[in-house]
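In: what's the 3D shape of this:
(chains A and B)
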Protein chains: 2
Amino acid sequence: MQQQTGTAPLVTLDDITAARARVSEVAMRTPLVQLVRDREPGQVLWCKAESLQPTAAFKVRGAYNRLAQVLPQARRRGVVAQSSGNHARAVAWLADRLNLRAVIVMPHTTPAAKVGAVRALGAQIELVAPEDRDARAAELAEREGMVHVPPYDHPDVIAGQGTIGLELVEDLPGLSTVLVPVSGGGLIAGIATAVKALKPHVRVIGVEPALAADARDSLAVGHRVVWDVQDTGRTVADGLRAASLGEHTWPHVQRYVDEIVTVTDDDILATMRHLALGARLVAEASGAVAPSAWLHGVAARAWGDGDGQVAAVVSGGSVDPQLLVRALSQS
Amino acid sequence: MQQQTGTAPLVTLDDITAARARVSEVAMRTPLVQLVRDREPGQVLWCKAESLQPTAAFKVRGAYNRLAQVLPQARRRGVVAQSSGNHARAVAWLADRLNLRAVIVMPHTTPAAKVGAVRALGAQIELVAPEDRDARAAELAEREGMVHVPPYDHPDVIAGQGTIGLELVEDLPGLSTVLVPVSGGGLIAGIATAVKALKPHVRVIGVEPALAADARDSLAVGHRVVWDVQDTGRTVADGLRAASLGEHTWPHVQRYVDEIVTVTDDDILATMRHLALGARLVAEASGAVAPSAWLHGVAARAWGDGDGQVAAVVSGGSVDPQLLVRALSQS
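Out: Take a look at the predicted model:
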């Protein structure tokens, strides 16, 4: 990792290259699926379908890159994570494969179906008050010596998500723009680091729900802005409700990300429909946020369409069937 | 092609290997997406996601393998095909990319949305009575010297679809069983030829809707059985309503396919839901037929589960949104 004056060291391309050797043991090299925009058949978006990972989202990359580096400890003491969503599923799935004890700390507000899915993978669940989840995971790690796998704010997690950036650069020789959803910032921190190291002229654009635009605000004012969780909780994109970027992710975003744009919840739902019918991909709301910026011209307004290839990360597919039906029933 | 006494020559592994060099210019090497069966988390089906092809189905492979071998003629005279579905879309898309004149003969019963989608790709549409479509396509080829690209019953088309078999054998070293949907038989003829040439012990099982089981009957009695189109027209799997195997496809099926099993329309709809939620793949009804045999234990009953890897071709994703909503609304 490269030292940055006065702050934590930044993740480097070497870290991400090293992560790839680990990540390829468990994760899929996801395909790029073409999506064509209505009325403009020549315009193609390359959808990086992380929704097809065995755990339904990109989270397995970063989680495994952390876990693989502390495996002896994890075998002795187990692993702990806090998440109600795709990170929980990734850690539980990895623990099941690796035969590790896993404790997943979940807010007691988590839907029963999500709790059940993680429990079915053999993980032990601890339901806590939403505001206590970070403290409880840290406490278990401290007291029982368990390995803590954070959802985004760790250099190993950032490096693991960055492997997507390597694949994008390799698979799209004409890449000009990458659209990435932003919540805690682990995904975009990793991808931006890899892409800017290999192809500095490629634009990396973050996309947030307009109802949870703390990262856009942070980039605008030059320091980390925190939104109230009462506010970020409003968006249909329930995987993107983190109230702020992390301590580790923020310096990467500030250094490497060109711009952060926002999309409305209506745009997100329309994009879920468009992905299902136009690219045959099931995306959860959070997973549809990045393609939504392209489909609804947000990124085009910001950057112009140019000649190069545009890619967007379809980050996850853990969709509530009722929400998918709602999205499909719109026209 | 290998000569067979008294019939047309069979497609060979060499034909399929040669097809691969062509097909890779236009088609995606589709990923294998894991689907886990309810209540048996250790059991995995590897879904070969042909639904992610740029034209939403495997048809682009065979169509291009035919077209690429007669490109000078196609450039001079154009190309003609008859189909209301994924084959029409594949030929129109290829013609658009290659700048060829294309005439697509469609039955006048084709839904307007499908006609419009093919027209949007720049193809000229001829609507004819359903029973006249083969004759009309042949007439155009004959009279105007256009290249005719048949939907399944041609050695080049069979060889093109067979490239899926090469990919399956390479990507799944422990492959024991392949499940393939059957209509006119081009897909299974190609896949079975490739798989049996490379790994003779791998089982190749065809899957048909119970309402259009002419291929199962054919294999049972040892000659091509024709079902009435009034009967095959009943299944929800509208891509699998061909009334019989083809003259070219049948000898491959007879020689290489181990068994043909059937699934009900209810099973097919339940599988569409399961693919969407469990593998994040949108499949049309016909595209869900092969995984349905695994999910509902049909293939397991026939063959035992064994230790090897089981793969199923998710052949297409051109789904009517209303049907997808219907499938998702069941539980």
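In: For chain B, see how far away the residue nearest the centre of chain A is.
Out: Among the residues of chain A, residue A:187 comes closest to the average C-alpha position under Cα atoms, centre = their mean, at 4.5 Å. Residue A:187 is 17 Å from chain B, where distance means Cβ to the nearest Cβ, to the nearest Å. Placement of C-beta: from N, CA and C, glycine included.
In: list the helices and strands the strand or helix carrying that residue packs on?
Out: Taking DSSP states H and E as the criterion, residue A:187 maps to helix A:186-198. Judged by 3 or more Cβ pairs under 8 Å, 6 or more residues apart in numbering or on different chains; DSSP states H and E, helix A:186-198 is in contact with helix A:13-23, helix A:155-171, strand A:175-181, strand A:203-209, helix A:249-256.
In: okay, the angle between it and strand A:203-209?
Out: Angle, helix A:186-198 to strand A:203-209, by axes from the mean of the first three to the mean of the last three Cα atoms, to 10 degrees: 170 degrees.
In: So which residues on the stretch 1-150 of chain A come close to chain B?
Out: A:28, A:30-31, A:33-34, A:41, A:49, A:51-52, A:54, A:56, A:120-121 (Cβ under 8 Å from any Cβ of the partner chain).
In: Which members of these occur in helices, if any?
Out: Among the residues of the stretch 1-150 of chain A next to chain B, the residues falling in helices (DSSP state H) are residue A:120.
In: Of the residues of the stretch 1-150 of chain A next to chain B, which count as buried by neighbour count?
Out: The neighbour count (16 or more other Cβ atoms under 10 Å in any protein chain shown) marks A:28, A:30-31, A:33-34, A:49, A:51-52, A:54, A:56, A:121 as buried among the residues of the stretch 1-150 of chain A next to chain B.
In: Which two among those residues are spaced furthest apart?
Out: Spatial extent of these (Cβ to Cβ) is set by the pair A:34 and A:121 at 32.8 Å.
In: ok, residue A:61 - contacts?
Out: By Cβ atoms under 8 Å, 6 or more residues apart in numbering or on different chains, the contact set of residue A:61 is A:19, A:23, A:27, A:53, A:160-161, A:163-164.
In: Need these in CSV (columns: distance to residue A:271).
Out: Formatted as CSV, these follow (distance: Cβ to Cβ, whole Å):
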residue, distance to residue A:271
A:19, 29
A:23, 27
A:27, 24
A:53, 20
A:160, 26
A:161, 21
A:163, 25
A:164, 19
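In: farthest-separated two in these?
Out: A:19 and A:53 (15.1 Å).
In: which of those two has more neighbours?
Out: residue A:19 (29 against 26; other Cβ atoms under 10 Å in any protein chain shown).
In: which stretches of chain A have low pLDDT?
Out: For chain A, the stretches with pLDDT under 70 are A:1-7, A:38-42, A:300-306, A:331.
In: Now with 80, please.
Out: When residues are selected by pLDDT under 80, those of chain A lie in A:1-8, A:37-42, A:299-307, A:331.
In: Closest one of the contacts of residue A:61 to chain B?
Out: Distance to chain B, by Cβ to the nearest Cβ, is smallest for residue A:53 among those, at 8.9 Å.
In: In contact with the closest one, which residues are there?
Out: A:27-28, A:30, A:60-61.
In: for the residues you listed, which one is nearest residue A:193?
Out: Checking the contacts of residue A:53 one by one against residue A:193 (Cβ to Cβ), the nearest turns out to be residue A:61, at 13.7 Å.
In: Starting from the one helix or strand the closest one maps to, tell me the next helix or strand along the chain.
Out: For residue A:61, the host element (DSSP H and E) is helix A:59-67. Note on helix A:59-67: by DSSP H and E, the next helix or strand toward the C-terminus is helix A:71-77.
In: buried sites along that next one?
Out: A:74, A:77.
In: which other helices and strands contact it?
Out: helix A:86-98, strand A:147-148.
In: Tell me which of these lies nearest to residue A:236.
Out: helix A:86-98 (15.9 Å).
In: Could you list the residues in contact with the closest one?
Out: Taking Cβ under 8 Å, 6+ apart as the rule, helix A:86-98 contacts A:26, A:54-60, A:63-64, A:67, A:71, A:74-75, A:78-79, A:81-83, A:100-102, A:104, A:106, A:114, A:117-118, A:121-123, A:149, A:151, A:239, A:316, A:318.
In: ok, longest strand in chain A?
Out: Looking across chain A with DSSP state E, the single longest strand is strand A:40-49.
In: Can you list the helices and strands that it packs against?
Out: strand A:32-37, helix A:155-171, helix A:289-295, strand A:309-314.
In: Let me know which of these is tucked in deepest.
Out: helix A:289-295 (a mean of 31; mean count of other Cβ atoms under 10 Å in any protein chain shown).
In: residues touching residue A:85, list them.
Out: A:57, A:114, A:238-239, A:316, A:318.
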